[in-house]
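Novice: got a sequence here, can you model it:
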Amino acid sequence: MADRKPFLLRMDRQMLDALQRWANDDLRSLNGQIEFVLRRALQQTGRLPEPPADRGPRTAD
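Specialist: Now for the predicted structure:
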């Protein structure tokens, strides 16, 4: 698992409330939802590589 570093994030109440509602709809924690949104934005802009696809177990030919 990747190392995690805690940090303080300040945002206005309206945005925080909207993120909390979205997290509730997706059955995620608020922190998990923020990570999800940030990761998706980074991947869509090419700033974070996509994780390698699981190719299943390797077999000898």
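Novice: with adjacent residues omitted, what lies nearest to the residue sitting nearest the centre point of the chain?
Specialist: Geometric centre of the chain, nearest residue: Phe36, 2.1 Å, by CA atoms, centre = their mean. Excluding the flanking residues, the one nearest Phe36 by CB to CB, 6 or more residues apart in numbering is Arg28, at 6.6 Å. Just so you know, the C-beta spots here come from the backbone N, C-alpha and C atoms, and that holds for glycine as well.
Novice: cool, Gly32 as well?
Specialist: Nearest to Gly32 is Ala23, by CB to CB, 6+ apart, at 6.9 Å.
Novice: who's in contact with the one you found?
Specialist: Applying CB atoms under 8 Å, 6 or more residues apart in numbering, we find Ala23 in contact with Ser29, Leu30, Gly32, Gln33.
Novice: how much space between it and Asp3?
Specialist: Ala23 sits 23 Å away from Asp3, going by CB to CB, to the nearest Å.
Novice: just Asn24 next, same as before
Specialist: 28 Å.
Novice: tell me which of the two has more neighbours.
Specialist: Asn24 (12 against 4; other CB atoms under 10 Å).
Novice: buried stuff in the host helix or strand of the more buried one?
Specialist: Assigned by DSSP states H and E, Asn24 falls within helix 13-25. For helix 13-25, a neighbour-count test (16 or more other CB atoms under 10 Å) marks Leu19, Ala23 as buried.
Novice: just stretch 38-53 next, same as before
Specialist: Buried-residue list, stretch 38-53, by 16+ other CB under 10 Å: empty.
Novice: could I have the CA atoms of that stretch written out in PDB?
Specialist: C-alpha atoms of stretch 38-53 as PDB (Å, rounded to 0.1, in the frame of the first residue of the first chain):
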ATOM      1  CA  LEU A  38      -8.500  13.900  -7.100                       C
ATOM      2  CA  ARG A  39      -7.200  10.600  -8.500                       C
ATOM      3  CA  ARG A  40      -9.800  10.600 -11.300                       C
ATOM      4  CA  ALA A  41      -8.900  14.200 -12.200                       C
ATOM      5  CA  LEU A  42      -5.200  13.400 -12.200                       C
ATOM      6  CA  GLN A  43      -5.700  10.400 -14.400                       C
ATOM      7  CA  GLN A  44      -8.000  12.300 -16.900                       C
ATOM      8  CA  THR A  45      -5.400  15.000 -17.300                       C
ATOM      9  CA  GLY A  46      -2.500  12.500 -17.800                       C
ATOM     10  CA  ARG A  47      -0.800  13.600 -14.600                       C
ATOM     11  CA  LEU A  48      -1.100  10.200 -12.900                       C
ATOM     12  CA  PRO A  49      -0.500   7.000 -14.800                       C
ATOM     13  CA  GLU A  50      -3.300   4.400 -15.000                       C
ATOM     14  CA  PRO A  51      -2.700   1.400 -12.800                       C
ATOM     15  CA  PRO A  52      -1.600  -1.600 -14.800                       C
ATOM     16  CA  ALA A  53      -4.500  -3.900 -15.900                       C
END
